[in-house]
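Q: build the 3D model from these lines:
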Amino acid sequence: MSPLSPVAAIGRSTLHLLAMIGRVTRYLGETLSHIVRPPLYWREFLAQLMFIGYLSLPVVGLTLVFTGGALALQIYAGGARFNAEAVVPQIVAIGMVRELGPVLTGLMVAGRVSAAIAAEIGTMKVTEQIDALTTLSTNPMKYLTVPRVLAATLAVPALAAVGNVIGVMGGYLVAVTRLGFNPTTYIKNTVDFLEASDIVSSLVKAAAFGFIVALMGCYHGMQSGRGAQGVGRATTNAVVSASVLILAANFVLTGVFFTE
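A: Model prediction:
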């Protein structure tokens, strides 16, 4: 083996990564250019709004209600070491609304929706349905990507808003039934502690996460290889890339909103 083989492998990996970033950036630019130009396929958009938003509500709700309850238990146990058990309502509220609500909503939607989008579009590519759309003078970006990206960008903030309430209520139920908190005081502390900037940041984060989820699902579906193995690889790549980008975007947006 040549002494330069490890260096060559690093170089190939770097070039492959840069090429992928370039393809994703180009796909992003094409998506944005098509979003601002008519037409919009309203039937496809509404169908995706139902699929991404309403049908994702059960998994998002269950995830956040248990997370809120577990968060209340952890904060109470940690606060007990410093005689600060009373801060449970405030910390649960800010933790759910600023971070856990939008992030967990984005990750749950990524696992459910990004994989489904990639599998659907990948299968359409394998069975040459995308070629058929082009033959019928229908732009695949307009018909497949734009409705999904728009629907996810609008639906995920609504899911996060509902999920935030469910998560806070999960903490409320645990605090009241197991930790001995007064119900009225708990709700008052929660409402008094939250600020408008917390809610705005949560919704902006969720919109960005929804955009990422749909974009990655559509991109990897369009890049799918032939056959069942190619579709499976596209599905896996969509979920992984969407999840990683959600966490990276969360770090960036948190710095934008909450750095003094």
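
Q: element containing G255?
A: helix 227-258 (DSSP states H and E).

Q: mind listing the strands for the protein?
A: In the chain, no strands are found when defined by DSSP state E.

Q: residue ranges with poor pLDDT in it?
A: Within the chain, the segments meeting pLDDT under 70 span 1-4, 260.

Q: in it, which residue is most central in space?
A: For the chain, G106 is the residue whose C-alpha lies nearest the centre (Cα atoms, centre = their mean; 2.3 Å).

Q: that one reaches A207, doesn't it?
A: No. G106 is not in contact with A207 according to Cβ atoms under 8 Å; the separation is 10.0 Å. Bear in mind the C-beta positions are built from the backbone N, C-alpha and C, glycine included.

Q: list residues touching both of those two?
A: V156 (Cβ atoms under 8 Å, 6 or more residues apart in numbering).

Q: care to break this protein down by domain?
A: As assigned by automatic domain parsing, the chain contains the domains 1-37, 41-258.

Q: can you say which of those domains is packed in most?
A: domain 41-258 (a mean of 19; mean count of other Cβ atoms under 10 Å).

Q: OK, contacts around the closest residue to L104 other than its chain neighbours?
A: Leaving aside its chain neighbours, L104 sits nearest to T63 (5.5 Å; criterion: Cβ to Cβ, 6 or more residues apart in numbering). Contacts for T63 (Cβ under 8 Å, 6+ apart) come out as 104-105, 108, 163.

Q: out of these, which comes closest to S224?
A: Nearest to S224 among the contacts of T63: M108, at 23.3 Å, using Cβ to Cβ.

Q: ok, that closest one - contacts?
A: 56, 59-60, 63.

Q: and the gap between C218 and A110?
A: Using Cβ to Cβ, to the nearest Å, C218 is found at 13 Å from A110.

Q: likewise for M222?
A: For M222, the distance to A110 - Cβ to Cβ - is 18 Å.

Q: same deal with Y54?
A: Distance from Y54 to A110, by Cβ to Cβ: 17 Å.

Q: equivalent analysis for T63, please.
A: For T63, the distance to A110 - Cβ to Cβ - is 12 Å.

Q: same thing with N189?
A: Distance from N189 to A110, by Cβ to Cβ: 33 Å.

Q: can you check I246 too?
A: 6 Å.

Q: kindly report the same for R226.
A: 25 Å.

Q: check F211 too.
A: In terms of Cβ to Cβ, F211 sits 12 Å off from A110.

Q: do the same with L159
A: L159 is 12 Å from A110, by Cβ to Cβ.

Q: can you check A234 too?
A: 14 Å.
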